[in-house]
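Asker: Okay, predicted coordinates and the sequence, questions at the end:
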Amino acid sequence: MTCFTLRASGLICPTGGELRYHLVMKPGMSSLSCYRGRFAPSPTGPLHFGSLVAAVGSYLDARAAGGEWLLRMEDVDEPRSMAGAADAILRDLESLGFAWDGEVAYQSRRTAHYRAAFERLRLDGSVFACACTRREVADSTLGPDAAPRYPGTCRNGLPPGREARAWRLKVGPGMVCFDDALQGRVCQDLAAEVGDFVVLRADGYFAYQLAVVVDDAEQGVTHVVRGADLLDSTPRQICLQRRLDLSQPNYLHLPAVVNAAGEKLSKQTRARPVDAIHPQASLVAALEFLGQLPPADLMGADLEDLWRWAIMHWNRSHLPRCRIAQAPAEF
C-alpha cells in the first residue's frame, strides 16, 4: 500500500489544506481508488446490534477498498449523551477487533467549526430566525408522508411580539436527488416534504444535520456507509453541502435493524448491548445480517482470521436490498 498526499479540493482543512488518502490497486481493478470512510455512533447508550451492523458494514467497505476508516462520536446533542457511553463504545469496538485510523473525533469539541459554517450561512442570507415551538410545527401542514412540515411562518420575519428560538435553513424549490449504492435513486422534494429545517436549535446546540456535513467535509470523508434510518436525512445534508460549497460523499445506506415489533434498535426500545466478551459470535451475526456468510470452518476461528476473511470476501452485491430488516432473536 502506498500513501500519497492529495490536495483536498472543495474541503475545509484547518490543519493545512491537505488530506492523506490510501491508494491501492485491488485485484480485478483497472485503476487506483481513493476511499475514506467513517463510523459515527451517538453515545446515548451501549453499543447495540444495530450500531454494530453499521460499524461492520462501513469498516469492511473501507478496508476492502484499501481505504481509511475514521471514528467520530456524534455527541453534538450533549443533553442526550450518556456519561461514560463514549468510552464504553470504544472499549467494545476494540474488543470486537476494530482498528481505526487517527484520533477519535468528538462533535462536542467542535462547536467553533459549526459556528463558522453557521455564520457563513447567516451572512449570505441562507438562514432565518424562527420563533415557532415544536408544538406549533407539529400542528402545522403535513408532508406527503404525514410528518409535520414547517409552513414557513417566520421565513419573512418574526411575528409581532415573538422572539427567536431556533434558526432554520431556507429550502428552495425542486427535488434533491442522489444515487445510493444500495438503495438506488433517492429523490426528495425538501420544500414540500420537510420545509425549512433547523440548523441551530432553541437550546443553543447546533443541529445534527449541520454538524455531520461540516465533519464529513473537514475529515475528507469520501464514502458514508450507515443505516437506512438516515436515508431521509441525506437530502437535507446534500442541500447544506451545496450551500456551503462542500464535496458530496458517496452514500450507501444499509438496512436499518429493527426488533420484532418493527422498532429501530435503540436505547429507547431497550436494545440489548452487544456481547463484547464473546466477540466472534457478535461479529458472525453482523456478517450474516449483511449477507456475508463465513464458511463453517471459520465459526470457531479467532477474531483476526475472521476479520481477514471478511475483508477479503466483502461483496456489496450480497447486501440485503431493503430499508429495514429484523435483528436475530438473540439481539
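Answerer: Ah, there it is.

Asker: Only C-alpha atoms from now on, for both contacts and neighbour counts.
Answerer: Noted.

Asker: SS state for Pro294?
Answerer: Here Pro294 is recorded as coil under DSSP: H, G, I helix; E, B strand; the rest coil.

Asker: Does it touch Val284 like I think?
Answerer: Yes. Between Pro294 and Val284 there is a contact under C-alpha atoms under 8 Å: 7.4 Å.

Asker: Comparing those two, which shows the higher neighbour count?
Answerer: Taking neighbours as other C-alpha atoms under 10 Å, Pro294 and Val284 compare with Val284 leading, 20 against 15.

Asker: show me what contacts that one?
Answerer: Counting by C-alpha atoms under 8 Å, 6 or more residues apart in numbering, Val284 makes contact with 294, 299.

Asker: I'd like to know how far it sits from Val56.
Answerer: Distance check for Val284 against Val56: by C-alpha to C-alpha, to the nearest Å, it reads 10 Å.

Asker: where does the residue lying closest to Ala88 once chain neighbours are set aside fall, phi/psi-wise?
Answerer: Distances taken as C-alpha to C-alpha, 6 or more residues apart in numbering place Pro46 nearest to Ala88, at 6.8 Å, with adjacent residues excluded. With angles defined as degrees, to the nearest 10, Pro46 sits at phi -70, psi 160.

Asker: Tell me, how many residues neighbour Pro46?
Answerer: By the measure other C-alpha under 10 Å, the count of residues near Pro46 is 22.

Asker: Check which helices and strands the helix or strand hosting Trp167 sits against.
Answerer: Under the criterion of DSSP states H and E, Trp167 resides in strand 166-169. With contacts taken as 3 or more C-alpha pairs under 8 Å, 6 or more residues apart in numbering; DSSP states H and E, strand 166-169 sits against strand 127-130, strand 197-200.

Asker: Would you map out the domains in this protein?
Answerer: 36-111+210-326, 113-208 (automatic domain parsing).

Asker: The last one: how far from the chain's middle?
Answerer: Looking back up the chat, that one is domain 113-208. Here domain 113-208 is found 19 Å from its chain centre; the criterion is C-alpha atoms, centre = their mean, to the nearest Å.

Asker: From the opening residue of it to its closing one, how far?
Answerer: OK, domain 113-208 end separation, C-alpha to C-alpha: 13 Å.

Asker: Are we agreed that Gly37 is in a helix?
Answerer: No. With three-state DSSP as the criterion, Gly37 is located in strand rather than a helix.

Asker: Against Gly161, how distant is it?
Answerer: Distance of Gly37 to Gly161, given as C-alpha to C-alpha: 47 Å.

Asker: One more: Ser81?
Answerer: Per C-alpha to C-alpha, Ser81 is found 35 Å from Gly161.

Asker: So for the two, which sits in the more crowded spot?
Answerer: Between Ser81 and Gly161, counted using other C-alpha under 10 Å, the more crowded position is Ser81 (16 against 6).
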